[in-house]
Each structure stands twice: as structure tokens, then as C-alpha cells.
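Undergrad: compute the structure for the input listed below.
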Amino acid sequence: MRKSIIKSIAMLALMFVSIGAWAQSGTTPYAGSTHTYTVTMEDVGNTATWSILDNGGTALSVGSDYTITATKAAGPGSGVATAVITFSNSLTAGNYSLRFTEAGTCSTVRELPITISSNTFYLTADADFNECHDLSGTVLGANPGVSSTTIDFTINLNKDAGWDISSGTWSFDYDLSFANANYSVVSETLIATGQADTDLGTGNTVTGVSVVGTANTATVRLVVEGDVNTADDITLTISNGKVVVGTTTVPDNGTGNKAQKISIEALPNTSAITAD
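TA: Down below sits the predicted model:
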């Protein structure tokens, strides 16, 4: 039995799932990223154990250093063991080992060297600016009152140049705030090169805004309405940025400006022209 297990498992490979040509992958993950690892077992009824060791051979702590979801299922051979691992953002960059043990009467241990590096992915919002209501410079009717105007917020993708995410997506949540409540939302639309415009509704909180991986910027276009003779500051704050390619997820590292304020200037409250 012992020779049979060793002979069979000696031919097995510890594999990682990776999509595309990445600057980071299952063997070179970013801190904070999530990757999937698989092993073909000789007997799915055997005990499967995963662990991560630092360069000195000390086991990392599940929960604080990484989280793991481990499963076993029928597949090639007698079954497949899968581990979905999220590496903590607090992990020090360096060399580690992913260890898998299949234990029956005897046990076989496999290790995969991995090199963890600092996460360089983050999203930023553009700088603040002021703009006039769309009716500025146009001939106004007798009582323009409440009218709509359009403002564009810009979100930028920042990452290593060698990291190809073209087959995946990046996404974010955002919140809107109004300094004076002089304006209200009519519509919200996502605009990005390489995908159709997306209706985002009219809420002040929007989650899961998804952008194709080939786009480096995205625009959240707001149509708002209010009294043309009043001003307001509207701020969009982004959060929960992440990249997803296949089974791999990389979160925003938290750096960079996350809020953009657009100030809508009031039009002069000029009366209509009167004649003698």
C-alpha cells in the first residue's frame, strides 16, 4: 500500500490557476490577492491538508496571515483538492512555500514555492474642479428656475505596466454627497472605452460598478437638476476597488486620492430685460 501511494502520488503536480500574462500570478501573488490552487489526489478519501510556510519553515497563521477555503471533489484520478487562498495585505514581501499533504496509511507532501510582492494596484479619483451650470452663456427664458446640468467624475486605474488584465474587469463602489442639497440626481451613467454605457440608477450609493480590463479610466456621468441661481458641491467617493481575472482577485491597496468634488457655480440672478 505504501509503495502504491508513493508511486502514484510522485506523478502528481501541485498546480495554480492563473489567467493571462500577469505581473503577478499564483506563484508570484500580490499581498491581498486571491488565488486558486489544485492537486490531483490518489484517493479523495485521504486527508488533505494545506499550509503556508515562511522562508524559515515556520507555518503562517490562518486568519491573520491568510484565509483559505479548501474543498475536495471527484475529478481526474480519484479526486481533486482545491484551495482558494487570500493572502493578507500585511504579509511581508518575500519567499514562501505552499504545502499540501495527502495522508492515508502513509503521507505524501508537495510544496510550491511562491514569492509574495507588494500590491501596486489602486484606483484614484480625479482632482476637484469648478464648473458652471450648462445654461451658462445661453439665452435664458423668462424664468429658468430648476434646470438640469451634466457633470463628469473620472476614476483612474493604476497598476504595473506588465500586469495584463485585458481579459478581466476592475470594479468599485461609490457614494455621492451634496454640500447644500440644492441639486438632486436625475440619472447616473458609467462610460468607459470598450463597453456599452451602463445605467447606474439614481442612488447616492452604488455598488459593483464594473469596467472592462482594457479601459484605464472610467467616467461616472451625473445629470442633476437644481435652481440655476444656486451653487452646490457634489462629491463622489470611491471604495472597494478590485481587479478580477478568472479566479484571481486583487483588491485596491488603499493608496491614492479616493474622492472628487465638483462645484457647480450659481448663475448670476439677472432679471429679464424690460423696455420703456
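
Undergrad: from now on I want contacts and neighbour counts done on CA atoms only, so please keep to that.
TA: Noted.

Undergrad: list the residues that contact the spatially most central residue of the chain.
TA: Geometric centre of the chain, nearest residue: residue 242, 0.8 Å, by Cα atoms, centre = their mean. Under the criterion of Cα atoms under 8 Å, 6 or more residues apart in numbering, the neighbours of residue 242 are 122, 170-172, 249-252.

Undergrad: how about a markdown table for the residues you listed, with secondary structure and distance to residue 260 added?
TA: As requested, those are exported to a markdown table (DSSP: H, G, I helix; E, B strand; the rest coil; distance: Cα to Cα, whole Å):
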| residue | secondary structure | distance to residue 260 |
| --- | --- | --- |
| 122 | strand | 15 |
| 170 | strand | 19 |
| 171 | strand | 17 |
| 172 | strand | 14 |
| 249 | strand | 26 |
| 250 | strand | 23 |
| 251 | strand | 21 |
| 252 | coil | 17 |
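
Undergrad: now, among the residues you listed, which is nearest to residue 237?
TA: residue 172 (10.1 Å; Cα to Cα).

Undergrad: what's opposite the closest one in the beta bridge?
TA: residue 209 (DSSP bridges).

Undergrad: now residue 40
TA: residue 80.

Undergrad: wait, isn't it in contact with residue 80?
TA: Yes. With contact defined as Cα atoms under 8 Å, residue 40 counts as touching residue 80 (4.6 Å).

Undergrad: of these two, give the one with the bigger neighbour count.
TA: residue 40 (24 against 19; other Cα atoms under 10 Å).

Undergrad: please enumerate the strands of the stretch 101-250 of the chain.
TA: Secondary structure of the stretch 101-250 of the chain by DSSP state E, counting those that start in this stretch: the strands cover 107-116, 122-125, 129-132, 146-158, 169-178, 183-191, 198-201, 205-212, 217-227, 232-245, 248-251.

Undergrad: quick one: residues in contact with the second one.
TA: If you take Cα under 8 Å, 6+ apart as the criterion, strand 122-125 is touched by 153-159, 237-238, 241-242, 251-260.

Undergrad: do the same with the fifth one
TA: Contacts to strand 169-178, defined as Cα under 8 Å, 6+ apart, come from residues 204-213, 232-245.

Undergrad: tell me the buried residues in that strand?
TA: For strand 169-178, burial by neighbour count (16 or more other Cα atoms under 10 Å) applies to 169-174, 176, 178.

Undergrad: report the angle between it and strand 183-191.
TA: 170 degrees (axes from the mean of the first three to the mean of the last three Cα atoms, to 10 degrees).

Undergrad: change the start of the numbering to 260 and stick with it
TA: Got it, first residue is 260 now, which makes that one strand 428-437.

Undergrad: send me strand 428-437 as CSV with only the CA atoms.
TA: Provided in CSV are the C-alpha atoms of strand 428-437 (Å, rounded to 0.1, in the frame of the first residue of the first chain):
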residue,chain,number,x,y,z
THR,A,428,-12.6,43.5,-15.1
TRP,A,429,-12.0,46.2,-12.5
SER,A,430,-14.7,47.5,-10.3
PHE,A,431,-15.6,49.9,-7.4
ASP,A,432,-18.4,51.2,-5.3
TYR,A,433,-19.1,54.9,-4.8
ASP,A,434,-21.1,57.3,-2.6
LEU,A,435,-22.4,60.7,-3.6
SER,A,436,-22.7,63.6,-1.2
PHE,A,437,-24.2,67.1,-1.7
